[in-house]
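Asks: from the sequence below, what's the structure:
(one chain, ligands or ions: 1)
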Amino acid sequence: MEFKKIGVLTSGGDAPGMNAVIRAVTRAANAAGVETLGIFDGYQGLMDGNVVAFTESDVSNIIGKGGTVLYTARAAEFKEPSGMEKALKTCRDHEIDGIIAIGGDGTFRGANDLTAHGMPTIGLTGTIDNDITATDYTVGFDTAMNTVLECVDRLRDTCESHARCSVVEVMGRDAGYIALQSGIATGAIGIVIKEIPFDEDAMMQRIIKARASGRRSFVVIVAEGVKDENGKPYGEGLTARIEEKTEVEARFVRLAHIVRGGSPTLRDRLAASLMGEAAVKLLLEGKSNLVVCERNAKIVAFEINFALTLDKMYKNKLKIGDLDRFSAAEIHEMEGLAELRRREIREMYNAALALM
Ligand code: ATP
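Replies: Prediction:
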């Protein structure tokens with residue numbers, strides 16, 4: 001089929017680098033003689049017909065801009081038949097031949113539905129958590145971690161002055177990648193993530209021993225997804241227990257959305273640009289229902305259903321029947337990728353422990 005117009009949208013939580021993807025998609029499409037339509041507010045805008053033709057000048061000088069110029073929204077109605085009907089009408093009205101959807105796993109579910117209804121769609125990661133198992137990297141991750149680094153370095157200064165401990169909660173509902181990697185990079189004395197059981201007593205002993213030998217400041221990083229037995233954020237209770245058990249004054253800090261903003265780093269601009277260009281190429285080759293991923297520093301693409309099911313497998317959320325549509329070879333590949341991810345986290349966590 002001949003492509004004349006493609007739509008691009010950002011959906012779910014925003015991530016630094018989304019603008020660099022929008023720019024790459026617009027430029028790559030333009031270079032191939034295809035018009036780009038910017039769809040505002042994610043799937044909500046697709047349902048509402050909030051669509052504007054994007055020229056090169058619309059994406060000029062946005063590569064380094066945080067947030068998303070197309071804005072983003074959560075759109076529950078899109079999951080309903082009425083929402084899909086509205087979205088398909090917008091596609092017909094604007095003669096959209098294919099869509100590139102930037103976001104996380106919810107966004108890819110939407111992309112999967114669009115493809116199933118005859119609208120070719122390619123997914124591209126834009127999420128700071130790095131929580132898509134099929135890809136080594138999600139656009140936004142590096143910038144978010146560098147922001148954590150900057151914030152924690154500042155906290156470290158004041159902790160050193162006052163001889164305190166900062167317990168810092170960082171984003172990551174399901175994935176502890178931000179906490180783990182930023183914990184290593186900030187010299188944390190404790191890292192708490194969902195994926196690995198946390199030995200709290202051992203950390204208290206490390207703090208007591210280090211304080212006895214003269215260390216003034218401590219940093220503990222906790223992923224937001226970790227809760228205590230009452231469902232409360234783990235870091236809050238941990239802060240009180242640190243004071244109680246080690247007599248080191250402790251403060252709880254939640255970085256939250258501050259980590260989602262800011263100008264994307266080189267790593268994110270590069271990933272966004274290369275993935276955006278690859279997404280356009282795939283669409284124009286007639287491919288759809290794929291998510292653009294990075295594996296071993298190469299850009300590859302996985303079928304969206306494969307990527308979503310792999311995610312469920314990795315997070316132990318598979319339901320009966322989820323694997324039915326896949327061949328034995330595909331299931332084997334998924335198991336290998338899920339295990340690789342688990343091993344990677346385990347090994348990195350063990351390395352972090354050795355450095356505490
Ligand atoms: P993040 O990782 O930042 O949360 P996300 O893409 O997972 O990003 P969601 O809010 O889960 O964010 O999904 C974004 C949008 O995708 C939803 O508002 C909805 O419009 C659409 N969507 C989510 N789940 C589905 C689904 N099962 N079927 C169809 N569309 C969906």
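Asks: what's the helix ranked longest in the chain packed up against?
Replies: The helix spanning the most residues in the chain, taking DSSP state H as the definition, is helix 328-354. The helices and strands touching helix 328-354, judged by 3 or more CB pairs under 8 Å, 6 or more residues apart in numbering; DSSP states H and E, are helix 177-185, helix 304-314. All C-beta atoms are positioned from the backbone trio N, CA, C, and that covers glycine.
Asks: list the buried residues of it.
Replies: Glu330, Met334, Leu337, Ala338, Arg341, Ile345, Met348, Tyr349, Ala352 (16 or more other CB atoms under 10 Å).
Asks: helix 304-314 and that one, what's the angle between them?
Replies: 50 degrees (axes from the mean of the first three to the mean of the last three CA atoms, to 10 degrees).
Asks: just how off-centre is helix 328-354 within its chain?
Replies: With CA atoms, centre = their mean, to the nearest Å as the basis, helix 328-354 stands 18 Å off its chain's centre.
Asks: could you do stretch 11-24 as well?
Replies: Counting by CA atoms, centre = their mean, stretch 11-24 is centred 11 Å from the centre of its parent chain.
Asks: cool, stretch 160-175 as well?
Replies: For stretch 160-175 - counting by CA atoms, centre = their mean - the centre lies 20 Å from the chain centre.
Asks: now stretch 39-59
Replies: Between the centre of stretch 39-59 and the centre of its chain there are 22 Å (CA atoms, centre = their mean).
Asks: same question, stretch 301-319
Replies: Relative to the mean C-alpha coordinate of its chain, stretch 301-319 is positioned 15 Å out (CA atoms, centre = their mean).
Asks: and stretch 154-163, by the same measure?
Replies: With CA atoms, centre = their mean as the basis, stretch 154-163 stands 30 Å off its chain's centre.
Asks: now swap in stretch 213-227 and tell me
Replies: Using CA atoms, centre = their mean, the offset of stretch 213-227 from its chain centre is 23 Å.
Asks: just name the most buried of the helices and strands packed on helix 328-354.
Replies: Compared across the helices and strands packed on helix 328-354, helix 177-185 shows the largest average neighbour count, a mean of 24 (mean count of other CB atoms under 10 Å).
Asks: tilt between that helix and helix 328-354?
Replies: Relative orientation of helix 177-185 and helix 328-354, computed by the same axes, to 10 degrees: 30 degrees.
Asks: near the ligand at all, helix 177-185?
Replies: No. Residues of helix 177-185 contacting the ligand under CB under 6 Å from any ligand atom: none, with a closest distance of 12.6 Å.
Asks: now for the helices and strands packed on helix 328-354, which one comes closest to Arg92?
Replies: Smallest distance to Arg92 across those (CB to CB): 22.7 Å, for helix 304-314.
Asks: need the CA coordinates for that closest one. PDB is fine.
Replies: Coordinates of each C-alpha in helix 304-314 appear next as PDB, following Å, rounded to 0.1, in the frame of the first residue of the first chain:
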ATOM      1  CA  ILE A 304       3.500  -6.200  20.100                       C
ATOM      2  CA  ASN A 305       1.700  -9.300  21.300                       C
ATOM      3  CA  PHE A 306       5.000 -11.000  21.800                       C
ATOM      4  CA  ALA A 307       6.400  -8.000  23.800                       C
ATOM      5  CA  LEU A 308       3.300  -7.700  25.900                       C
ATOM      6  CA  THR A 309       3.200 -11.400  26.700                       C
ATOM      7  CA  LEU A 310       6.900 -11.500  27.500                       C
ATOM      8  CA  ASP A 311       6.300  -8.700  29.900                       C
ATOM      9  CA  LYS A 312       3.600 -10.600  31.700                       C
ATOM     10  CA  MET A 313       5.900 -13.700  31.800                       C
ATOM     11  CA  TYR A 314       8.700 -11.700  33.300                       C
END
